[in-house]
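Enquirer: Here is a sequence together with a model predicted from it:
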Amino acid sequence: MRDKRSAGDTSDYNLRTWVEYHDEWHRQEKTTPHPAAFPMQPQFVDAVGSILKEADYRSAYNYLNAAKRHHIKLGFKWSEALDLAAREYGLSTRRGLGPCRQSEPLPYEKLAAYDLGDKPINPGGPVGPGNALTLSTYFLVRGIEAAMAQTRDMRLDRESKTVHWRLSVSKTDPAALGCERRWGCLCGDGLGLGCPYHAASRQMELLCELFGERVEQGDLPLFPNAEGYMVSNESMEGFVDELAKMAGVPLTLPSGARRFGKHSFRSTGAVLLSRLGVEIYKIQLLARWGSDVVLHYVRESPLDSLTKQVRGAIADKTITDLVAKLSSEVDSLKQELASMDDSTAHLLRLEAEISQLKSKQDADEAAGEDFVEKGSYIVNPATGKCHKALVYTGLPKFWKTRCSWQFGLTHYEPRDTPLDGYKRLCDTCLHALRLSRKEKGVN
């Protein structure tokens with residue numbers, strides 16, 4: 001029976017991680033013969049638990065649940081010894097976690113002056129750390145987005161000296177690529193704040209030197225570790241911490257909470273651009289924010305600059321106001337669009353089209369009509385996230401979900417109903433349903 005488990009139950013990713021850590025533990029220990037991960041044994045639970053604890057996993061129980069369910073599914077008995085090991089695993093991995101990490105901005109102006117070299121600056125970190133810092137900051141990406149990016153996601157235009165990066169459109173599904181952002185060459189401005197175009201060019205040259213033909217294949221991580229594999233979440237956060245230490249910034253707040261985290265590049269980019277006088281709504285567009293969260297991230301900017309930018313954003317209308325007006329009064333905004341650069345105007349028009357489609361879809365659903373009779377829910381097999389189709393007619397290259405993921409030319413699984421639970425629902429496509437299920441405690 002399909003979907004008999006809720007989306008919050010054991011995922012393939014948790015199980016895969018459990019097996020990988022089990023195998024790596026015994027590889028490091030040089031255990032002979034190398035034991036299979038299943039059937040589970042108490043000492044296997046202790047081994048993987050020690051790795052998860054050392055890496056500060058905050059949901060270690062999800063990984064044990066994944067392994068336990070698979071163990072039983074294979075027909076093995078869950079013994080009292082395993083039950084005892086599981087209880088001790090839970091106590092150990094929860095003890096001493098402390099408060100969740102925060103996402104303070106890094107002192108980019110100071111770090112940009114350093115020569116970080118080509119080798120990783122932290123264990124398991126990315127090669128080309130200076131390029132990773134520059135690109136992640138200027139494109140305002142999350143740590144997981146930088147880690148999951150592949151060489152095929154970035155495109156260089158040598159003639160115009162621009163770099164294009166295809167990015168995620170869903171904060172709950174970093175592999176749901178559906179929008180592109182670009183930067184031109186910033187060399188010669190005298191500010192010494194790095195250049196995203198040349199950082200991308202140097203990174204591609206470095207990858208070609210280190211990994212050769214894998215770059216052409218397109219599936220090489222854009223910021224791989226020294227072995228050419230994707231940098232783990234923990235190593236990417238370690239990369240951020242190492243940058244902070246190099247800049248002489250404490251890693252914790254006075255309260256003891258972690259100062260930096262997976263969103264630090266986004267906050268760093270927002271602060272940098274706001275200090276340079278970039279309009280708030282342009283930072284929102286670049287970062288793919290649909291709300292005023294940008295005002296939270298620019299909190300480190302000087303007060304007079306922040307006040308000026310907020311007043312300017314209010315006077316010129318925020319992105320939400322502009323999109324709403326575009327949706328209903330396109331002609332009346334021609335003068336406003338003419339005063340913007342081509343890229344911003346184009347992005348606003350796209351946002352308006354999406355807004356119109358969403359409004360129509362919401363109205364149809366309120367009237368009891370389905371936007372798509374069958375297969376209106378789209379699952380991304382790479383991440384297991386469930387999305388809602390917005391455009392599902394015409395040529396596949398135009399098909400997209402409500403979060404703007406262009407799924408027509410990728411692998412996807414159409415469904416007539418959304419996945420169970422809430423954790424695997426895209427927060428942009430299925431926000432109301434996700435929130436409702438979460439409030440009801442439906443995992």
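Expert: Received the coordinates, thanks.
Enquirer: where does the residue lying farthest from the centre of the chain land on pLDDT?
Expert: Here the chain reaches farthest from its C-alpha mean at residue 80, the gap being 39.7 Å by CA atoms, centre = their mean. Model confidence at residue 80, expressed as pLDDT, equals 93.
Enquirer: Next, the contact list for it, please.
Expert: Contact analysis of residue 80 by CB atoms under 8 Å, 6 or more residues apart in numbering lists nothing. Where you see a C-beta, it was placed from the backbone N, CA and C, and this is true even at glycine.
Enquirer: From residue 217, how far out is the closest residue to residue 222 other than its chain neighbours?
Expert: Counting by CB to CB, 6 or more residues apart in numbering, residue 149 is the residue found nearest to residue 222 once chain neighbours are left out, at 4.0 Å. To residue 217, residue 149 is 15 Å away according to CB to CB, to the nearest Å.
Enquirer: These two: which is more packed in?
Expert: Between residue 149 and residue 217, residue 149 has the larger neighbour count (other CB atoms under 10 Å), namely 26 against 12.
Enquirer: Give me the residues contacting stretch 186-199.
Expert: With CB under 8 Å, 6+ apart, stretch 186-199 has contacts from 108-109, 112-113, 130-131, 133-135, 137-139, 156, 161-163, 183-185, 272.
Enquirer: for this structure, what spans make up the strands?
Expert: Along the chain, the segments classed as strands by DSSP state E run 154-157, 162-168, 177-184, 377-380, 385-391, 400-401, 413-415.
Enquirer: Between those, which one is closest to residue 228.
Expert: strand 154-157 (16.6 Å; CB to CB).
Enquirer: Packing partners of that closest one?
Expert: strand 162-168, helix 196-211 (3 or more CB pairs under 8 Å, 6 or more residues apart in numbering; DSSP states H and E).
Enquirer: can I get the ones you listed in TSV with mean neighbour count, distance to residue 286 and mean pLDDT?
Expert: Listed next are the helices and strands packed on strand 154-157 as TSV, based on neighbours: other CB atoms under 10 Å; distance: least, CB to CB, whole Å; pLDDT from 0 to 100:
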stretch	mean neighbour count	distance to residue 286	mean pLDDT
strand 162-168	20	10	84
helix 196-211	18	11	93
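Enquirer: Enumerate every residue touching residue 215.
Expert: 151, 204, 207-208.
Enquirer: Grab the nearest non-local neighbour of residue 34.
Expert: Residue 34 sits nearest to residue 26 (CB to CB, 6+ apart), 5.5 Å away.
Enquirer: An error on my part: the question was meant for residue 214.
Expert: residue 220 (4.3 Å).
Enquirer: my read: the one you found touches residue 230, true?
Expert: No - contact between residue 220 and residue 230 fails when scored by CB atoms under 8 Å: they sit 9.5 Å apart.
Enquirer: shaky segments in the stretch 51-200 of the chain?
Expert: Low-confidence segments of the stretch 51-200 of the chain, defined by pLDDT under 70: 55-56, 58, 96-102, 168-178, 189-191.
Enquirer: how does it look with 90?
Expert: 51-63, 66, 90-107, 109, 137-155, 160, 165-184, 186-193 (pLDDT under 90).
Enquirer: so where do the helices sit in it?
Expert: For the stretch 51-200 of the chain, the helices defined by DSSP state H, counting those that start in this stretch cover 60-73, 80-94, 108-111, 129-138, 143-148, 196-211.
Enquirer: okay if I get these as a markdown table plus distance to residue 394?
Expert: A markdown table is the format used below for the helices of the stretch 51-200 of the chain (distance: least, CB to CB, whole Å):
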| stretch | distance to residue 394 |
| --- | --- |
| helix 60-73 | 40 |
| helix 80-94 | 49 |
| helix 108-111 | 43 |
| helix 129-138 | 34 |
| helix 143-148 | 29 |
| helix 196-211 | 33 |
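Enquirer: who wins for proximity to residue 247 among those helices?
Expert: helix 108-111 (5.1 Å).
Enquirer: and that closest one, how far from the chain's centre?
Expert: When C-alpha coordinates are averaged (CA atoms, centre = their mean, to the nearest Å), helix 108-111 and its chain have centres 23 Å apart.
Enquirer: Also stretch 218-230?
Expert: Taking mean C-alpha positions (CA atoms, centre = their mean), stretch 218-230 and its chain are 16 Å apart.
Enquirer: Just the terminal-to-terminal distance for that stretch.
Expert: Terminal residues of stretch 218-230 lie 13 Å apart, using CA to CA, to the nearest Å.
Enquirer: So which bits of that stretch are buried?
Expert: 220-225, 230 (16 or more other CB atoms under 10 Å).
Enquirer: got it, and stretch 423-433?
Expert: By neighbour count on 16+ other CB under 10 Å, the buried set for stretch 423-433 is 423-430.
Enquirer: related to what we said a few turns ago, what count of nearby residues applies to the residue nearest to residue 34?
Expert: By the measure other CB under 10 Å, the count of residues near residue 26 is 18.
Enquirer: Next one: it relative to residue 229, how far apart?
Expert: Applying CB to CB to residue 26 and residue 229 gives a distance of 19 Å.
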